[in-house]
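*Asks:* Pasting a predicted model and its sequence here:
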Amino acid sequence: MRLPMSPRTRALVLIVCALLWLSGALWLVAHYAYPEHNEFGVLPNRFEAPLMRLHGMIAVAGVFLFGWIGAGHIRARWSAALNRASGLWLLGCAVVLVVSGYALYYTTGAFHDSAALVHQGLGLVAIFAALMHWRRIRAGA
């Protein structure tokens, strides 16, 4: 039995995920492609801090939605096995992104640097897990 997500909930999830991905991708571009310089060397781009604050605020909404979907969407559909594999990939990406994002906020040194690489790399490719899950839903597979 297929119980579709309401159009409003689906739109909210897609908007939050798109804004999360876009704010993170823009931060990466600002950080790596457009660093600023002065007489003392390389400085962070002036847009990095506002983009990071925006990304963090949207991430709070994302974690809330992650819990909400976990309590309803995943549990209700688990026994049907429809899209379970793509959903598990998406769930795994979300868990690693939440944990690595938390580590970025609360750690320093080598662990922080490792968490940054994981978060940035997985954040860039997580959109493919989301698109794969969405595509399978659209195909009815």
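*Replies:* Yes, it's here. Residues are numbered from 1 along each chain as shown.
*Asks:* low pLDDT regions in this protein?
*Replies:* By pLDDT under 70, the low-scoring segments of the chain are 1-4, 136-141.
*Asks:* which residues in it form helices?
*Replies:* All helices of the chain, identified by DSSP state H, fall at 7-33, 48-69, 75-77, 84-106, 109-139.
*Asks:* can you tell which of those is closest to Phe40?
*Replies:* helix 48-69 (17.2 Å; CB to CB). Just so you know, the C-beta spots here come from the backbone N, C-alpha and C atoms, and that holds for glycine as well.
*Asks:* I'd like to know which elements that closest one is packed against.
*Replies:* Judged by 3 or more CB pairs under 8 Å, 6 or more residues apart in numbering; DSSP states H and E, helix 48-69 is in contact with helix 7-33, helix 84-106.
*Asks:* can you redo those helices as TSV with distance to Ser114 and mean neighbour count?
*Replies:* As requested, the helices and strands packed on helix 48-69 are exported to TSV (distance: least, CB to CB, whole Å; neighbours: other CB atoms under 10 Å):
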stretch	distance to Ser114	mean neighbour count
helix 7-33	17	15
helix 84-106	8	16
